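Trainee: could you look at this predicted model? Sequence included:
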Amino acid sequence: MYFENFIKLFLVDHNNNYIFPGITRGNIENLLAPIDSKGRRCGLDSGLEDKKYLVFFDISKCLSPDSPIVGCSTPQVCVSKCPERFIRFGTELTPATMEQLRSSMVCTDDVNVRDMTYNQAMQYIKENKCAPYVLQSQPVISRCIGDLSTIQCKGATTPSSKAFDSESGSVCVRNTEEARKSLLNRATILDTYLGWISASWVTTFTRNERETHVLSAQIVQDLEQSRWYLAGALVFVVIICFIYILLLRWVVVPVVWVSIAGLFGLLGFSLYLCYKNYEYYRDNPVGLYQTTNLKGYAESIFSKKETWMALLVAGAILILILLLVVIFLRNRISIATALIREGSKAVTSIKSTIFFPIFPWVLQCVVMAYGVFIFMLILSIGENAFGVANIKNDTTCDCGGLYTEEGQSCDPAAFALQCRDTAGGACKMAICHFTGINNPHSVVYLHLINLLGFFWTLFFISGVSDMILASTFSRWYWTFHKKDLPFFTLTSGIFQTLRYHLGTVAFGALIIAIVRVIRVILEYIDHKLKKFDNPLSRAIMCCCKCFFWCLESFLKFINKNAYIMCAVHGHSFCKSARDAFSLLMRNIVRVVVLDKVMYTTLLQLFVCIDFTAVLNL
């Protein structure tokens, strides 16, 4: 078949064009390198090239809900390797053991560990310039995480909230395992595929290193803590949907109209809440405050009476529009209910079709996560860029006139050799700081190919799902005696689609993917042109975006109907699209109106279902 070539092209695009360059040349670890208390990247910045791991002075402060990865309230320094055994310097460090334990001490950069005396070491520990203890640690994405289970308990009276005492080294046996699990679970939260994907997704929106670690860890924690609630909600919604489908088969008219009435009731109640909130904030105005916290920003927005007035007006307009639609299209709603009744019969005859949409949804989630991950790998292709920082604030640093401006390009190794302080040591404040990655020009093309492959795969999965369901329900429709319907009807539809129609779906998905890529490029250009504020360019971009949005919507509509014709008759994509277009154009007004009415009716049903599920959870 001619369209089998598109399947080959589809596989080649996903296996060669952007995956291999991203994996072989990209290094996402550069974007997620640990950061010490001074904001320097371990293993990248000047003086830290051989220090790739991060150590926490007092890891007991990391037993709070904020994990060591997202930042503890304790000094953090870069080291060449993680501590290999537990040492409590407050009791084990003596003048006799000073030389033996010197190499195991972890101190800030302004401390000369090599030449310090015993008295200086004890003073530095009191001043929190040296760690009071070190734990036997293991690196978790370059963070040294101690294992509290290696420490023996000295007393069973330690409070449960304080599993480890840095002064006495006391660890309660009944809390050791709990503390160890707490630390390791929170520390390894980013050392999973989900953590890496979350970090990749967050990094696409921010280049702030600490914010990346905080948000990505919180995303994974929230997903882990709520996974059973999400699974329960999914099961509950599936059960409710199945009950609704059974009801639609026998009492479709009352169910549809009751659902429509319920939607109006829900919107009316929402209007009442909006008005009460508007009235409250009108009589009790709240002072606005600046914040970078997302929750605080949302609270500041919903603390203004103007916000609730806008929601009140928008809700009233929405109710008015829906009311007019119901009044003037009530006859079409009757036809839509008849179609829904027939669809309910088909679904109840082939019950596996209720659960089938879960699989395409899971695949699309995997593709989205994979696409973002590949995007980050491609983004990390290139040479590391470094710039001078704090050069003007460090008056004791002498670089021989080579580095005089903030942000000036530098090389960490050369900077360490050429820039010294007045005492002959390394500069205390001025550093050669990692600023980003210089991407080659080819990265732009890799991003475009990745974008095309990303959208192509999403639309391909959606198209295969539509083709399978079309094949399944067409077999149900053409079976005169429904009791003779094969038990594995859905399986037959899957086999038929995978055996004969993958090329057709790949071709249709490619057309929509190309249009979607053009729309993304237009959005990018529009974003760049906003700073010029040119009315002509804004008008041209608005027309272009509107045209391609209409084109994509039209192609999606034609594609879906072409897949149906292809599943029924087995023709090629072009012939199926031509036949579908010819059938639709015979009564295009009725088709469009009926399609939208049926879509709106089902949307109202599922809004009621989702609202019921939320209330029950």
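Mentor: That came in fine, so what should we check first?
Trainee: secondary structure class for the residue of the chain most remote from its centre?
Mentor: Within the chain, the residue lying farthest from the chain centre (Cα atoms, centre = their mean) is residue 96, at 53.8 Å. The local conformation at residue 96, judged by DSSP: H, G, I helix; E, B strand; the rest coil, is coil.
Trainee: show me the shaky parts of the stretch 301-450 of the chain.
Mentor: Residues of the stretch 301-450 of the chain meeting the criterion pLDDT under 70: 424.
Trainee: what ranges do the strands span in it?
Mentor: 383-389, 397-398, 420-421, 431-438 (DSSP state E, counting those that start in this stretch).
Trainee: given the second one, what are its sheet partners and their directions?
Mentor: Read it as strand 397-398. Using DSSP bridges, the strands paired with strand 397-398 in its sheet are strand 420-421 (antiparallel).
Trainee: ok, residues contacting the partner strand?
Mentor: Contacts to strand 420-421, defined as Cβ atoms under 8 Å, 6 or more residues apart in numbering, come from residues 394, 396, 397, 398, 426, 427, 428. Just so you know, the C-beta spots here come from the backbone N, C-alpha and C atoms, and that holds for glycine as well.
Trainee: list buried residues within these.
Mentor: Among the contacts of strand 420-421, those buried by neighbour count (16 or more other Cβ atoms under 10 Å) are 394, 397, 426, 427.
Trainee: for the last one, grab phi and psi.
Mentor: Which is residue 427. For residue 427, the backbone dihedrals (degrees, to the nearest 10) come out as phi -60, psi 140.
Trainee: quick check: it touching residue 396?
Mentor: Yes - with contact defined as Cβ atoms under 8 Å, residue 427 counts as touching residue 396 (7.4 Å).
Trainee: mind listing the helices for the stretch 501-617 of the chain?
Mentor: 502-529, 535-569, 573-585, 588-616 (DSSP state H, counting those that start in this stretch).
Trainee: for residue 270, find the nearest of these.
Mentor: helix 588-616 (10.7 Å; Cβ to Cβ).
Trainee: how does this protein divide into domains?
Mentor: Domain ranges of the chain: 1-30+356-382+442-586, 31-86+135-191, 384-438, per automatic domain parsing.
Trainee: tabulate these (TSV), appending distance to residue 246.
Mentor: Shown next, in TSV, are the domains of the chain (distance: least, Cβ to Cβ, whole Å):
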stretch	distance to residue 246
domain 1-30+356-382+442-586	16
domain 31-86+135-191	42
domain 384-438	56
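Trainee: which helix in the protein has the most residues?
Mentor: Assignment by DSSP state H gives helix 227-283 as the longest helix of the chain.
Trainee: and that one, how far out from the chain's middle?
Mentor: Chain-centre distance of helix 227-283: 28 Å, with Cα atoms, centre = their mean, to the nearest Å.
Trainee: same check on stretch 567-579?
Mentor: Centroid separation for stretch 567-579 versus its chain: 38 Å, with Cα atoms, centre = their mean.
Trainee: for stretch 323-339, same thing?
Mentor: Here stretch 323-339 shows a centroid-to-chain-centroid distance of 39 Å under the convention Cα atoms, centre = their mean.
Trainee: what's the span of that stretch, first residue to last?
Mentor: Using Cα to Cα, to the nearest Å, the end-to-end distance of stretch 323-339 comes to 22 Å.
Trainee: in it, what's buried?
Mentor: Using 16+ other Cβ under 10 Å as the test for burial, stretch 323-339 gives 325, 326, 329, 332, 333, 336, 337.
Trainee: between the strands of the stretch 301-450 of the chain, which one is nearest to residue 536?
Mentor: strand 431-438 (34.3 Å).
Trainee: contacts for the closest one?
Mentor: So strand 431-438 is contacted by 30-31, 33, 38, 40-41, 44-47, 207, 379-390, 407, 410-412, 415-416 (Cβ under 8 Å, 6+ apart).
Trainee: which of those residues are buried?
Mentor: 30-31, 33, 38, 40-41, 44-47, 379-382, 384, 386-389, 410, 412, 415-416.
Trainee: now, which of those residues lie within helices?
Mentor: Of the positions in the buried ones among the contacts of strand 431-438, 379, 412, 415, 416 sit in helices, assigned by DSSP H.
Trainee: of the residues you listed, just say which sits nearest to residue 490.
Mentor: The nearest member of those to residue 490, counting by Cβ to Cβ, is residue 379 at 40.4 Å.
Trainee: pretty sure that closest one contacts residue 446?
Mentor: No - applying Cβ under 8 Å as the test, residue 379 and residue 446 come out as separate, 9.5 Å apart.
Trainee: the buried ones among the contacts of strand 420-421: which two are farthest apart?
Mentor: Spatial extent of these (Cβ to Cβ) is set by the pair 394 and 426 at 10.7 Å.
Trainee: can I get the buried ones among the contacts of strand 420-421 in TSV with distance to residue 554?
Mentor: Formatted as TSV, the buried ones among the contacts of strand 420-421 follow (distance: Cβ to Cβ, whole Å):
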residue	distance to residue 554
394	63
397	64
426	65
427	63
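Trainee: tell me which of those residues is nearest to residue 271?
Mentor: residue 394 (61.5 Å).
Trainee: and the closest one, how close does it get to residue 47?
Mentor: 13 Å (Cβ to Cβ, to the nearest Å).
Trainee: now do the SS call for residue 139.
Mentor: Per three-state DSSP, the local secondary structure of residue 139 is strand.
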